[in-house]
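J.: kindly generate the corresponding structure for this input.
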Amino acid sequence: MELDPAWTIVHLTGNQVTRVAVMTALSSGRYEIIHYAGHAQFDPTNPDASVWVLHDGSLSATEIQQNVEGNPPSLVYASACEAGREDTWAGLRYRRQLHGLASAFLQGGVGNYIGGFWPIPDKDSPALAAYFYGHFLRGTPVAEAMRRAKSQLAACGGDPLLWGGITLFGDPGTQLSTPT
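T.: Residues are numbered from 1 along each chain as shown. Purely as a prediction, here's the structure:
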């Protein structure tokens, strides 16, 4: 898929995915979309301590919320196990308290967050993301883009643990804004 030349892609991999690099990206206000493909851990006893696992340590839900606040990207897609898992209904609290990674991003101002509820298989994750971006970057609303991506993956025999466990949090009608 060819992108509009106004888009700039910054790709960090391996030992480049450090706490400083990720916090800088999250807080910069330079990115419309942040895609994280890595490991996440949900902490059921302390959901605000749930983390993205990076090369040189972890970034907690609390740190994430603090770093996106003020200059949030429009969309964060976290292709990681339990990146969309939130506290149980019995444990939900309000007034800016975090319930997991999804609420950290949303309370920080991110308009849409995509993450997995449970451990997701790696094998089909790149295909699901490619299908999603193939629709979303062409102007399809975010929820419809994810629905189509899941349908495509299911139709070609993709693992239902992946396409069944990835969830969108946010405004389903959001469309990609044109870069300026």
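J.: average pLDDT for the longest helix seen in the chain?
T.: Ranked by residue count, the top helix of the chain under DSSP state H comes out as helix 142-155. The average pLDDT within helix 142-155 is 95.
J.: show me how far that helix is from its chain's centre.
T.: With C-alpha atoms, centre = their mean, to the nearest Å as the basis, helix 142-155 stands 16 Å off its chain's centre.
J.: helix or strand right after the lowest-mean-pLDDT helix or strand in the chain?
T.: None of the helices or strands of the chain scores lower by mean pLDDT, DSSP states H and E than helix 160-163, at a mean of 78. Sequence order places strand 166-170 as the next helix or strand after helix 160-163, per DSSP states H and E.
J.: for that following strand, packing partners?
T.: Applying 3 or more C-beta pairs under 8 Å, 6 or more residues apart in numbering; DSSP states H and E, one finds that strand 166-170 makes contact with helix 101-107, strand 112-116, helix 142-155. C-beta here means a position set from N, CA and C on the backbone, and glycine is covered the same way.
J.: isn't residue 47 up against residue 82?
T.: No. If you go by C-beta atoms under 8 Å, residue 47 and residue 82 don't touch, sitting 10.6 Å apart.
J.: how about low-confidence regions in this structure?
T.: 1-6, 87-98, 178-180 (pLDDT under 70).
J.: stretch 64-75: end-to-end distance?
T.: Its first and final residues considered, stretch 64-75 spans 14 Å by C-alpha to C-alpha, to the nearest Å.
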